[in-house]
Each structure stands twice: as C-alpha cells, then as structure tokens.
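1. After the sequence you'll find the predicted model.
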Amino acid sequence: MSPTAAPSEPKLDAEATIKRNPHPDFKKVEASRPPFNTSSQFHYTQTPSPSWTPGSGANTSPPPSVPHREIDPYAPGRPAVHNYKLLISGIVPRPIGFVSTISADGESTNLAPFSYFNMIAHDPPLFVLGFSGGFSRPKDTLSNLVSTGECVLNMISSSFIEAANYTSINAPEGVSEWAFSGLHPEKSSVVKPNRVREAVFSIEAKLVETREWESKVTPGKKTGVHAIVEGVRFWVREDAVDEEGVLIDPQVLQPIARLGGITYARVTEAFELLRPVFEEATKDEEVAKLAKPKGEGQ
C-alpha cells in the first residue's frame, strides 16, 4: 500500500541549490552555436568495428598513462549534490518520464518531466519514477500520484522538447504546467489524467507501491521517493507502430534523452548487433578455446 503524502512544506529552489546551468549567460552561449540540424534523419550504420571477433576486447584501449580515480560517495565532507552531478553525467543517456497527473479533487492538473525513470518489467508492464525529497515535501506529481493512484507516462520527442522542458518550471501548487507548455491534453481510457496529444507514445499507469529513502550523509533526512507504476493502456501514433503493435519506429518517435547538467540528446543514428548463442558461437574452434572452465588459464 502507498502512504498518504504529508502536508507540503516550502520547497527549496532546486536550481539555485544544484546549479545545473554552467553558463552565466545561456542565451549568449546558445546563440554562438550552429542551428539545430533539422535535416538529420534517423538512419542505421555499421557497428563501430564490424570485424570484431570474440576475445578481441575493446575497439580502442584507454590511455595507459591516465589512471582511474576512486570516489567514496560517503567521504567526509563530500556533499550529496556532488554525487547527484556525477551520477547524472555518468548514467547516460537516460529516458525521460513526462508525467501527467491530476489532484484527488480533480481541480488541479500537473505535467512534469523526470529523468529518474525507466522500465523495469514487461509482464506486468512496470515502470519506476524517482522523486527528490521525501513525503514531507512532495513534488506535485508525487502528491497527485499517491492521492489518486494514477498517472500517464508520455515519451518526449524532439518535436516538442522545448515545451516539455518548460513544464519543469517551479510553479506554485495548484498552477498547471499544461498552459505554459502549449501542449494539448487528450482524454485517457482507463485513468483520469490526460495524456499528451503530441506524444508519439503514452502509457496510462496505476500506482503499485512507493518507498521513501533516507540520506546516508544526513541521517534522519528524507531525500527521495521511488514509485513503481503499472502500465494499463498503451497509446501509439498510427504512423509509428507496425501492424502487430510490436515495434515503434524511431524515425517517427524522435526520442530525446537526458545527459548531465542541462544537456539533452536526440537519437538520429543506430546500429544493430546480434546477441550471441553459445552453442553456435563455440562451433568455431578459436571461440571454443575461450570457453574454458573458470580457473583454467585465467
């Protein structure tokens, strides 16, 4: 069962605390860059090394003179925000959960992007969302999700990334981000929150469970909540999915991913790799030599 969210406390200005933006004047920096390449179409290439063979290792070796640095996330004096910045720049690219919710009284709607998001199972279809802060100061999305048990997960495409990003604005409770984005709500089938019409792929979902986490840097401080939700309906734009409802075309989806800081990425290039089958691979004598029991020549 999911706990009831505690009354909201004043939220900290996350951007002022985290300082994700590295630029004193972002618009000036942006103006110095080349325009967005709208002509770049999704396409397939060969793998980085088509001639790679089992046992060959990396395509390029790391510089032998450059060592690795060991970092203790709980080292004395290391702020938790340093772990945050390190992790979001290293665990990349991350899918973005663009979540729409509605308050229990149906009077307030919310739309917000979350980069702590992913799929964790397909039977049943399960997804995880991570929220910073505990139940004592929940984000509006978390409050709505806990009180109603429902949400919609919308996948972000490059065609509306600016609109989606603007929903991350720190709007006061009760102020909907939908109007700021200019995106259009579309009625869902099973849950009450609307889905985003512009999204190529949306998932109606119901809350399964939540868990609150406590800081190991500041004992007693609640620092996060994760929510597991179950997908109960899928919505895919007709021109993006095959007849069986199995594959979504990345050319139409135009997926956007989160990197570190304020950096995003889009997928325009891909390659395919077959998964090896042991019985087939070891028919090659050279590959079979690599299949020695542990301890033999290792």
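-> Received the coordinates, thanks.
2. mind checking the backbone torsions on Cys151?
-> With angles defined as degrees, to the nearest 10, Cys151 sits at phi -160, psi 170.
3. That one and Asn144 touch, don't they?
-> Yes. The criterion here is Cβ atoms under 8 Å, and Cys151 meets it with Asn144 at 7.4 Å. The C-beta positions use only the backbone N, C-alpha and C, and glycine is treated the same way.
4. Looking at these two now, which is surrounded by more residues?
-> The residue with more neighbours, out of Cys151 and Asn144, is Cys151; 29 against 25, by other Cβ atoms under 10 Å.
5. Who are the contact partners of that one?
-> Contacts for Cys151 (Cβ atoms under 8 Å, 6 or more residues apart in numbering) come out as Val99, Ser100, Thr101, Thr141, Asn144, Leu145, Val191, Pro193, Ala205, Leu207, Val229.
6. Could you check the pLDDT of the residue lying closest to Lys187 once chain neighbours are set aside?
-> Nearest residue to Lys187, sequence neighbours excluded (Cβ to Cβ, 6 or more residues apart in numbering): Asn194, at 6.2 Å. What the model reports for Asn194 is a pLDDT of 98.
7. Contact partners for Asn194?
-> Ser100, Ile102, Thr109, Val152, Pro185, Glu186, Lys187, Ser188.
8. PyMOL command to pick out the buried ones of these?
-> If you want just the buried ones from the contacts of Asn194 in PyMOL, going by 16 or more other Cβ atoms under 10 Å, the selection is:
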select buried, resi 100+102+109+152+185+186+188
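9. Mind picking the one among the contacts of Asn194 that's closest to Ile262?
-> Ser100 (22.7 Å; Cβ to Cβ).
10. any idea which helix or strand comes after the helix or strand containing the closest one?
-> Here Ser100 sits within strand 97-102, counting by DSSP states H and E. As assigned by DSSP H and E, the chain's next helix or strand after strand 97-102 is strand 109-114.
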